[in-house]
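Q: Starting from these lines, generate the structure:
(one chain, ligands or ions: 1)
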Amino acid sequence: MKIDLLITNAKQIVFFENDQLRTIENGSLACSSGVITWFGPAEAKPEEFEPVETLKASDCIVLPGLIDSHTHTVFAGSREDEFELKLKGATYQEIATRGGGIKNTMRATRKATRDELTAIGLERLRNAIAFGITTIEIKSGYGLSFDDEIKILEVIRSLRSLVPIDIASTFLGAHTLPPEFFENRQDYIGLICEKMIPYIAENKLAEFCDAFCEANVFSIDETRRVFETAKHHGLKLKLHADQLTNSGGAELCAEMGAVSADHLETISERGIDALAKSNVVAGLLPGCSFFLRMQYPPALKMIEAGIPIALATDFNPGSCMTQNLQMIMSIACTQMRMSPAEVVRAVTLHAARALERNDIGNIKTGMKADFALFRAPNYQFIPYNFAQNHIRHVVKNGKIIFNA
Ligand SMILES: [Zn+2]
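A: Sure, this is the predicted structure:
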C-alpha cells in the first residue's frame, strides 16, 4: 500500500481520546492524500506499507500541529517606546491619552501599503510556522476606517496563497474608537453595522466578528449591537471579554452563542457559570498578563467547571509581542497552574474548537495530517524547558513544510 509520508519510531505520539491526552511510546504514523491513515506502536506497522518518504523520528515526539487561535499578526510599526514608559510606571490610560496604544499602531497600519503589510505578515507567518503553528487566526482592528479595515482583511486573504498553513480571518472593527469619531461614537458603531459588516460578509473577507468589550472601549450594549448584526450576516462570534475590568462579556458570549470568549482575566462566578452551561470555549491569553504584569485568568476554576480552555499568543504590539506559543504553554503552567497535558490540549484540540474546526487539533485516522515533531523526550518537556523552540519538523496536509 502506497503511503505518502511515514514517520517512524517517534519517542511519543500524543493524541486525544474523549478529551483525554494519550500517548503511544515508540510510535509510527502514516499519511496519504493529506490525511492521517494509520498510527500506532512502531512494531505494529503493517508490512505492506510502501512509503514515498520516510522520516526517522527517534529523537522526537509527535503532537498535533499547534493552533494559534487568537492573533493580531497584520500590523505595522512597533511600540518598544511605550514598553519602556510602562516600565517606568505610565498606565495604559496615560499612554492612550498621549496618542499611544492601539491608535499608535492604527496610524502606522493606515500608512502602510497593502504590499508592505503583506510582506510584514508573510515574514511573521514564516516565524509562526517555525514555532510549530499549522493553523492561525488573524484579526483586523488596526485600520478602524472602512478602507483600512478592508485593506487588512484583503491582506489576510492574500497571505493565504503565500503560506502553506491555514488562516482564519476575524473582523475586529470594534477594537477601539478611532479619533475621527471621538465626539460621536454611535456613528462609528453605525459604520461598523451598516457598512463594514455587510461588505465583509458579502465578500467573504472574514469568518468571525470580534469586539473589545471593556470599560471606556465598547459597552455590552454596543457589543451586542455589533454581534447581532454580525450574526444576521452569517459571521461567527468571538470576544475580547472581561480583560481589564468585568463587564459581563463572558455572559454575553454565552447568551449569543459565541464560538469563544477570550482573555477572561476578570471573569466573575456568574461568568464561569454561564460559560459552563454553554458551548463557548474560553480562549486564555496569559502572555498578556505576563507582559503587562496583571492578574491571570482563573484557569483551574474554569477547568473544574468543565469549560474547554484554548491558549493563544494574542500576538500584538501592545500587550504580547511574541509568536512563541510554546512559551505561552510554559506561562500557563507556571502562572495558572495548568498541567502539561492541559496546556498541550489547549493549543491543539481545544484551540481547534475555538476556531470551530473539527478536522484538525488531534492525531486520529481520517483527520488532516497536520502535526509537528518536537525534539523532546516527552510532551511535558516542552513547557518545562521554557522559552525554547523545540520544533524539528512541521507537517501540514501531509507535507513537510518546515525543518529546523
Ligand atoms: Zn487580542
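
Q: element containing Ile67?
A: strand 66-68 (DSSP states H and E).

Q: got a list of contacts for that strand?
A: Here strand 66-68 makes contact (Cβ atoms under 8 Å, 6 or more residues apart in numbering) with 128, 131-137, 310, 312-313, 315, 323, 325-326, 347-348, 351-352, 354-355, 357, 360-361, 372. The way it works is simple: take the backbone N, C-alpha and C, and place the C-beta from them, glycine included.

Q: Narrow the residues you listed to those in helices?
A: 128, 325-326, 351-352, 354 (DSSP state H).

Q: Just give me the closest of those residues to Gly366.
A: Proximity of the ones in helices among the contacts of strand 66-68 to Gly366 (Cβ to Cβ) peaks at Ala352, which lies at 14.5 Å.

Q: Quick check: the closest one vs Asp166, distance?
A: 11 Å (Cβ to Cβ, to the nearest Å).

Q: Show the average pLDDT along stretch 286-303.
A: For stretch 286-303, mean pLDDT is 97.

Q: list the buried ones in it?
A: If you call a residue buried by 16 or more other Cβ atoms under 10 Å, then stretch 286-303 has these buried ones: 286-292, 296-299, 302-303.

Q: What residues does His350 make contact with?
A: Applying Cβ under 8 Å, 6+ apart, one finds that His350 lies in contact with 281, 308-310, 361.

Q: Please tell me which one of the residues you listed counts the most neighbours.
A: Neighbour counts for these, by other Cβ atoms under 10 Å, peak at Gly361, which reaches 29 neighbours.

Q: Wait, that one touches Arg353, no?
A: Yes: with contacts counted by Cβ atoms under 8 Å, Gly361 reaches Arg353, the gap being 7.3 Å.

Q: packing partners for the helix or strand of the chain with the lowest mean pLDDT?
A: Lowest on mean pLDDT, DSSP states H and E among the helices and strands of the chain sits helix 92-97, with a mean of 80. Applying 3 or more Cβ pairs under 8 Å, 6 or more residues apart in numbering; DSSP states H and E, one finds that helix 92-97 contacts helix 80-87.

Q: what's the average pLDDT for the helix it packs on?
A: Mean pLDDT, helix 80-87: 92.

Q: Need the residues that contact it.
A: With contacts defined as Cβ under 8 Å, 6+ apart, helix 80-87 is touched by 90, 92, 95, 100-101, 104, 292, 318, 321.

Q: Could you pull out the buried residues of that helix?
A: Neighbour counts over helix 80-87 (16+ other Cβ under 10 Å) mark 82, 85-86 as buried.

Q: mind giving me CSV with those and columns for distance to Glu207?
A: Formatted as CSV, the buried residues of helix 80-87 follow (distance: Cβ to Cβ, whole Å):
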residue, distance to Glu207
Glu82, 31
Leu85, 36
Lys86, 33
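
Q: quick check, nearest of these to Asp115?
A: Of all those, Glu82 has the smallest distance to Asp115: 26.8 Å, by Cβ to Cβ.

Q: and Arg114, how many neighbours?
A: Arg114: 12 neighbours (other Cβ under 10 Å).

Q: Oops, could you answer that again for Leu264 instead?
A: Neighbour count of Leu264, defined by other Cβ under 10 Å: 31.

Q: Please name the nearest non-neighbouring residue to it.
A: In space, Leu264 comes closest to Pro297 once its chain neighbours are excluded; the distance is 4.5 Å by Cβ to Cβ, 6 or more residues apart in numbering.

Q: Next: His70.
A: In this structure, His70 finds its nearest non-sequential neighbour in Ala312, 3.7 Å apart by Cβ to Cβ, 6+ apart.

Q: So for this structure, the centremost residue is which one?
A: Ser69 (1.9 Å; Cα atoms, centre = their mean).

Q: wouldn't it be in contact with Ala310 here?
A: Yes: the criterion here is Cβ under 8 Å, and Ser69 meets it with Ala310 at 5.2 Å.

Q: Need the residues touching each of these two.
A: The contact sets of Ser69 and Ala310 overlap at 260, 283, 351, 354 (Cβ under 8 Å, 6+ apart).

Q: Identify the farthest-apart pair in the contacts of His350.
A: Top of the distance list for the contacts of His350 (Cβ to Cβ): Ile309 and Gly361, 13.2 Å.

Q: What segments of the stretch 1-150 of the chain are strands?
A: Under the criterion DSSP state E, counting those that start in this stretch, strands of the stretch 1-150 of the chain are mapped to 2-17, 20-32, 35-41, 50-56, 61-64, 66-68, 133-139.
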